[in-house]
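1. Need a 3D model of the sequence below.
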Amino acid sequence: MALSIVILAAGQGTRMRSAVPKVLHPLAGKSLLEHVIDAAAALGAGQIQVVYGHGGEQVRRQLAARPAEHPVTWVEQAQQWGTGHALAQALPGIADTDRVLVLYGDVPLIGADTLRRLLDAAAGGQFGLLTAELADPSGYGRILRESDGRVTGIVEQKDARPEQLAIREINTGFMAADAAALKRWVARLGNDNAQGEYYLTDVIAQAAAEGIAINTVAPAELFEIMGVNNRAQLAELERDYQCQQAQRLMHAGVTLRDPARFDLRGRVEHGQDVSIDVNVILEGEITLGDRVSIGPGCVIRNAAIGDDTIIQAHCVIEDAIIGRNARIGPFARIRPETQLANDVRIGNFVEIKKSDIGAGSKVNHLSYIGDTTIGARVNVGAGTITCNYDGANKHRTVIEDDVFIGSDTQLVAPVTVGAGATLGAGTTLTRNAPAGALTLSRSKQETRSDWKRPVKKK
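-> Have a look, this model is predicted:
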């Protein structure tokens, strides 16, 4: 039986107090809705439909760049008349022979394993329902059962009697059932309730009346069923997610000095004996080799870092490749399209942009290297700047192997420094420097013995 998944994502989210649709708010660097789509895609669904409403075009634009292997079909709910009405918009596009799984675009941390168990509960024409017991069930619909434990229905809190409000088992909204049956039940829904809406939960009573077995499943973790209605709840789920990622990494052998002060906003592949200090943020696609050490306060985005490399405190690395046994920082910035070879040293307050730096080279202090190719075993002195922008175009600097560049040097691109050359401190290089020679440009030093320092007038 084919699987069709419907994600209900039409809510306005007024409590977020935002111009951004609720399902587009980010959690761990990815929108709430994208988290749900990823969970759905992990189940191998034949189709994934997203029912959108408030801010729908903005939602569609942001999700348009998703990988082709996870395509979604967009279904508009022009009027928000409840969850039953939302599902009704998607059902015509689903074959009667499919099994349907209903998810929610503002419940981002639902786990694929929990959903697989929910689908198993719906096998053979049965009804799968995800429920949970909460110490404080306020705000949730309550599960109604007979004395023998059979589920007979769900009552929303606003429609519940006092004795029903005492029930602690709540409806999470996640359900799975055969499409033909769901179409029949949804078509019969009414809106005679406190909200005047078509409740999807009312299909439970219809299924029970037809003698369909309603099998309940509990989530592995309570945070899986928690939705986002305001900024505080979003922050809570962010911590739940980050704690989960930290535990996974530590169990895989990564040392986190304080897992409560670590954020992963993407995916990381790592070798053995990796160590990460506090307040580190990893974003996008990250690869860490064996024995990589990352100091406190670093932000690393879309980067590959080789074995035995040390990233010292408060470095920012983005879209870069760093080789083995490198030393970076502290307070260094490695910008996009930079590639550092093995044994490179990049020191404090150094910025590297769109440059290749060869093996064993050093840029240790207070320098800017942009649009530059540096060979092997080059030493770049403190305060060196490559002047790569003329106000309209970028130009490239080439520094060949074994060059020594003195402090406070400016290289005005396009310019080439030949192998083994030395540039004297304070040089402003505007023409190519020949290999093996000393090149310098300085005004003549002089001392005036008759000069007197100015004094302040009384």
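
2. Isn't residue 311 up against residue 288?
-> No. Taking contacts as C-beta atoms under 8 Å, residue 311 lies outside contact range of residue 288: 9.6 Å. In short, each C-beta sits where N, CA and C put it, glycine included.

3. the more surrounded of the two?
-> The residue with more neighbours, out of residue 311 and residue 288, is residue 311; 28 against 25, by other C-beta atoms under 10 Å.

4. Pairing-wise in the sheet, spell out the partners of the more buried one.
-> Assessed by DSSP bridges, residue 311 has beta-bridge partners residue 294, residue 328.

5. same question, residue 177
-> Assigned bridge partners for residue 177, using DSSP bridges, are residue 100.

6. What separation is there between it and residue 40?
-> Taking C-beta to C-beta, to the nearest Å as the measure, residue 177 falls 16 Å from residue 40.

7. do the same with residue 110
-> Separation of residue 110 from residue 40 (C-beta to C-beta) stands at 9 Å.

8. I'd like to check which residues are in contact with the residue lying closest to residue 38 once chain neighbours are set aside.
-> Counting by C-beta to C-beta, 6 or more residues apart in numbering, residue 38 lies nearest to residue 70, which is 7.3 Å off, once chain neighbours are set aside. The contact partners of residue 70, by C-beta atoms under 8 Å, 6 or more residues apart in numbering, come to 37, 38, 41, 48.

9. do residue 309 as well
-> For residue 309, the contact set (C-beta under 8 Å, 6+ apart) comprises 289, 292, 293, 322, 323, 324, 325, 326, 327, 328.

10. what comes into contact with the lowest-mean-pLDDT helix or strand in the chain?
-> Here the helix or strand of the chain ranked lowest by mean pLDDT, DSSP states H and E is helix 56-63, holding a mean of 82. For helix 56-63, contacts defined as C-beta under 8 Å, 6+ apart pick out 9-10, 20-21, 23-24, 31, 33-34, 37, 50, 52, 72, 74, 76.

11. any shared contact partners between residue 311 and residue 288?
-> Listed contacts common to residue 311 and residue 288 are 294, 305; contacts here mean C-beta under 8 Å, 6+ apart.

12. Can I take it that residue 234 is in a helix?
-> Yes. Per DSSP: H, G, I helix; E, B strand; the rest coil, residue 234 lies within a helix segment.

13. Name the SS class of the nearest residue to it once chain neighbours are set aside, please.
-> Excluding the flanking residues, the one nearest residue 234 by C-beta to C-beta, 6+ apart is residue 228, at 4.9 Å. Here residue 228 is coil, with the state taken from three-state DSSP.

14. my read: residue 228 touches residue 26, true?
-> No. If you go by C-beta under 8 Å, residue 228 and residue 26 don't touch, sitting 10.8 Å apart.

15. Show me which of those two is the more surrounded one.
-> Ranked by neighbour count (other C-beta under 10 Å), residue 228 and residue 26 place residue 228 first, with 26 against 15.
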